[in-house]
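Enquirer: Pasted the sequence and its predicted model underneath.
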Amino acid sequence: MSEIMNHQQHKENIIEILKINEKISHIKDLDSLLDRVLLEARAISNADAGSIYLVKGDKLTFEYVQNDTLLQKDKRSKKYLYAKQEIEIDNASISGYVALNRKPLVIDDVYRLPDDVPYTFNRSFDESSSYHTRSMLTVPLITTEDKITGVLQIINARNKEGAVAPFSKEDEILVSLFANQAAMAIERARMTHELILRMIKMAELRDPRETGLHANRVGTYAIEIYQRWATRRNIPDNEIKRVKDYLKIAAMLHDVGKVAITDTILKKKARLNKNERDYMMRHTIYGCRFFINSTFKEDDMAAEIALNHHEKWDGSGYPGHIPVINCDDIDVNEIPFGPGKKGEEIPLYARIVSLADVYDALKTKRPYKDCWDEDETLAYIESEKGKQFDPEVVEAFMEIYDVIQAIRDKYSSE
Ligand SMILES: [Fe+2]
Ligand SMILES: [Fe+2]
């Protein structure tokens with residue numbers, strides 16, 4: 001009888017997993033997707049924590065972590081999200097071993113590994129966070145083309161009473177099944193992400209200040225500032241998730257309009273004169289034109305950000321209120337700048353990207369200027385609260401400053 005029940009239960013579990021796959025296949029942004037994949041994988045086995053590593057070149061890079069226990073203890077533990085870590089694909093580490101051998105691995109207690117296994121458990125995360133890892137299920141993320149895109153690792157399964165327990169055979173089967181589908185979705189999202197980075201590289205060829213790292217930092221700062229802003233305003237979780245799915249990509253593309261600006265201006269070493277500055281400022285309108293009238297919703301957000309990321313809260317920014325710009329017949333250079341948009345006339349996402357972009361520029365060393373130090377930068381941002389920047393956005397930014405710093409470290413060099 002119990003055999004039949006188990007069989008029935010197993011079938012239901014599999015149907016459940018197929019349903020989850022349907023849901024994750026709609027997520028476009030890579031980070032949102034990794035977040036969801038981990039959440040679902042953990043839910044299958046009621047696991048406390050987990051991480052995802054992606055294959056980059058010949059290494060695994062740490063991409064995402066979730067940890068209920070740490071998050072409860074320290075609300076700011078989000079900074080662990082942006083840890084920078086690279087692992088060799090070899091037998092020395094658990095995730096390296098799974099990536100190399102392409103088979104799931106179940107460990108009941110990582111502190112009591114059998115003597116005959118080649119890998120060791122890396123204790124550094126436990127030591128730095130005072131977390132205790134015990135049971136672990138690590139599965140390879142393999143696409144249908146037989147390509148390994150990463151490794152999914154879930155930690156500390158919990159039994160009905162909430163105590164840490166080993167992962168079961170059923171957990172292993174279900175998580176592996178889920179991982180196969182997740183790998184396909186991750187591969188697709190990585191492709192979109194890389195296409196976008198390629199667009200940014202095009203802009204970078206024109207203007208060396210617009211690098212992929214700058215774009216990644218601005219995009220990631222933007223989603224974290226938004227999340228804080230939205231939490232303060234009690235925006236429902238699913239709305240936050242929906243916005244974050246678009247916002248990172250849209251924010252990364254804030255300056256692609258620069259591809260339309262001539263080299264003589266972009267590469268000019270001397271100070272720009274009034275006419276040249278005026279022309280340069282048109283990258284906002286060019287950028288907006290790239291994305292306007294598209295059938296994709298994320299393009300509306302990208303258009304809004306490209307157009308408004310140089311507006312200032314007090315109305316002294318550009319390009320201001322301008323007549324219709326979504327008509328390709330009108331030459332961008334003929335469009336007069338209008339009176340600056342003020343306060344909430346500037347779309348929220350542009351207010352957020354404006355702060356993220358200025359912060360990143362201040363903290364970046366350029367041939368003609370040094371990187372500002374920490375105190376100087378924060379004092380400047382504070383002093384521009386209500387002038388250049390939306391005060392509430394500045395507050396949200398300050399509240400998550402440790403996360404901002406972790407992002408800066410993560411995207412500090414290729
Ligand atoms: Fe810009
Ligand atoms: Fe920028």
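Expert: Perfect, thanks for sending it. Bear in mind the structure is a predicted one, so any value in this text is a computation, not a measurement. Ligands and ions are numbered 1, 2, ... in the order given.
Enquirer: pull the CA atoms of stretch 43-56 into PDB?
Expert: Extracted in PDB, the C-alpha atoms of stretch 43-56 (Å, rounded to 0.1, in the frame of the first residue of the first chain):
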ATOM      1  CA  ALA A  43      11.500  24.500  -1.700                       C
ATOM      2  CA  ILE A  44      11.600  21.000  -3.200                       C
ATOM      3  CA  SER A  45      13.700  19.700  -0.300                       C
ATOM      4  CA  ASN A  46      12.900  22.400   2.300                       C
ATOM      5  CA  ALA A  47      16.500  23.500   2.300                       C
ATOM      6  CA  ASP A  48      17.800  26.400   4.400                       C
ATOM      7  CA  ALA A  49      20.300  27.700   2.000                       C
ATOM      8  CA  GLY A  50      21.900  27.400  -1.500                       C
ATOM      9  CA  SER A  51      24.200  28.800  -4.100                       C
ATOM     10  CA  ILE A  52      24.600  28.800  -7.800                       C
ATOM     11  CA  TYR A  53      27.900  28.800  -9.700                       C
ATOM     12  CA  LEU A  54      28.100  29.500 -13.400                       C
ATOM     13  CA  VAL A  55      30.800  28.200 -15.700                       C
ATOM     14  CA  LYS A  56      32.800  31.100 -17.100                       C
END
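Enquirer: residues of that stretch that come out buried?
Expert: Across stretch 43-56, burial judged by 16 or more other C-beta atoms under 10 Å covers 44-55. C-beta: built from backbone N, CA, C; applies to glycine.
Enquirer: Stretch 35-42 now?
Expert: 35-38, 40-42.
Enquirer: repeat for stretch 334-352
Expert: 335, 340-342, 346-352.
Enquirer: quick revisit: where is pLDDT lowest across the buried residues of stretch 43-56?
Expert: Across the buried residues of stretch 43-56, the member with the lowest pLDDT is S45, scoring 88.
Enquirer: Can you list the low-confidence ranges for the stretch 151-300 of the chain?
Expert: Under the criterion pLDDT under 70, the flagged ranges of the stretch 151-300 of the chain are 209-210.
Enquirer: which parts of it sit against ligand 2?
Expert: Contact residues (C-beta under 5 Å from the ion) of the stretch 151-300 of the chain with ligand 2: D255.
Enquirer: Including distance to ligand 2 and secondary structure, could the buried residues of stretch 43-56 go into JSON lines?
Expert: Output for those, formatted as JSON lines (distance: C-beta to the ion, whole Å; DSSP: H, G, I helix; E, B strand; the rest coil):
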{"residue": "I44", "distance to ligand 2": "41", "secondary structure": "helix"}
{"residue": "S45", "distance to ligand 2": "42", "secondary structure": "helix"}
{"residue": "N46", "distance to ligand 2": "43", "secondary structure": "coil"}
{"residue": "A47", "distance to ligand 2": "39", "secondary structure": "strand"}
{"residue": "D48", "distance to ligand 2": "39", "secondary structure": "strand"}
{"residue": "A49", "distance to ligand 2": "35", "secondary structure": "strand"}
{"residue": "G50", "distance to ligand 2": "33", "secondary structure": "strand"}
{"residue": "S51", "distance to ligand 2": "31", "secondary structure": "strand"}
{"residue": "I52", "distance to ligand 2": "28", "secondary structure": "strand"}
{"residue": "Y53", "distance to ligand 2": "29", "secondary structure": "strand"}
{"residue": "L54", "distance to ligand 2": "26", "secondary structure": "strand"}
{"residue": "V55", "distance to ligand 2": "29", "secondary structure": "strand"}
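Enquirer: Quickly name whichever of the residues you listed is closest to N275.
Expert: L54 (46.3 Å; C-beta to C-beta).
Enquirer: sorry, back to before: now, the buried residues of stretch 35-42 that are in strands?
Expert: Judged by DSSP state E, strands contain none of those.
Enquirer: Filtering the residues you listed by proximity to ligand 2, which remain?
Expert: Okay, of the buried residues of stretch 35-42, nothing touches ligand 2 (C-beta under 5 Å from the ion).
Enquirer: Could I get those residues in TSV, plus columns for pLDDT?
Expert: Below are the buried residues of stretch 35-42 laid out as TSV (pLDDT from 0 to 100):
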residue	pLDDT
D35	89
R36	91
V37	94
L38	94
E40	93
A41	94
R42	95
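Enquirer: For L141, state which of the residues you listed is nearest.
Expert: Nearest to L141 among those, with distances taken as C-beta to C-beta, is V37, at 8.6 Å.
Enquirer: Could you tell me the average pLDDT over the helix or strand where V139 lies, please?
Expert: V139 is part of strand 136-142, with elements assigned from DSSP states H and E. Across strand 136-142, the average pLDDT comes to 97.
Enquirer: Name the residues of the biggest helix by length in the chain that are buried.
Expert: Ordering each helix of the chain by length in residues (DSSP state H) puts helix 169-206 first. The neighbour-count check on helix 169-206 (16+ other C-beta under 10 Å) flags 171-190, 193, 196, 200, 203-204, 206 as buried.
Enquirer: ok, now stretch 364-371?
Expert: Going by neighbour count (16+ other C-beta under 10 Å), the buried part of stretch 364-371 is T364.
Enquirer: is it up against ligand 2 anywhere?
Expert: No. On the criterion C-beta under 5 Å from the ion, stretch 364-371 is out of touch with ligand 2, staying 9.7 Å away.
Enquirer: any idea how far that stretch is from the chain center?
Expert: The chain centre lies 26 Å from the centre of stretch 364-371; the measure is C-alpha atoms, centre = their mean, to the nearest Å.
Enquirer: Before we move on, what's the pLDDT of I107?
Expert: pLDDT, I107: 97.
Enquirer: what's across from the nearest residue to it once chain neighbours are set aside in the sheet?
Expert: In space, I107 comes closest to M136 once its chain neighbours are excluded; the distance is 4.5 Å by C-beta to C-beta, 6 or more residues apart in numbering. Beta-bridge partners recorded for M136 (DSSP bridges): I107, I155.
Enquirer: State the phi and psi torsions of the residue nearest to P347 when sequence neighbours are not counted.
Expert: In this structure, P347 finds its nearest non-sequential neighbour in E304, 4.7 Å apart by C-beta to C-beta, 6+ apart. Main-chain dihedrals, E304, degrees, to the nearest 10: phi -60, psi -40.
Enquirer: so who does E304 touch?
Expert: Contacts for E304 (C-beta atoms under 8 Å, 6 or more residues apart in numbering) come out as 250, 288, 347, 349-350.
Enquirer: ok so, going back, among the buried residues of stretch 43-56, which pair sits farthest apart?
Expert: N46 and V55 (27.8 Å).
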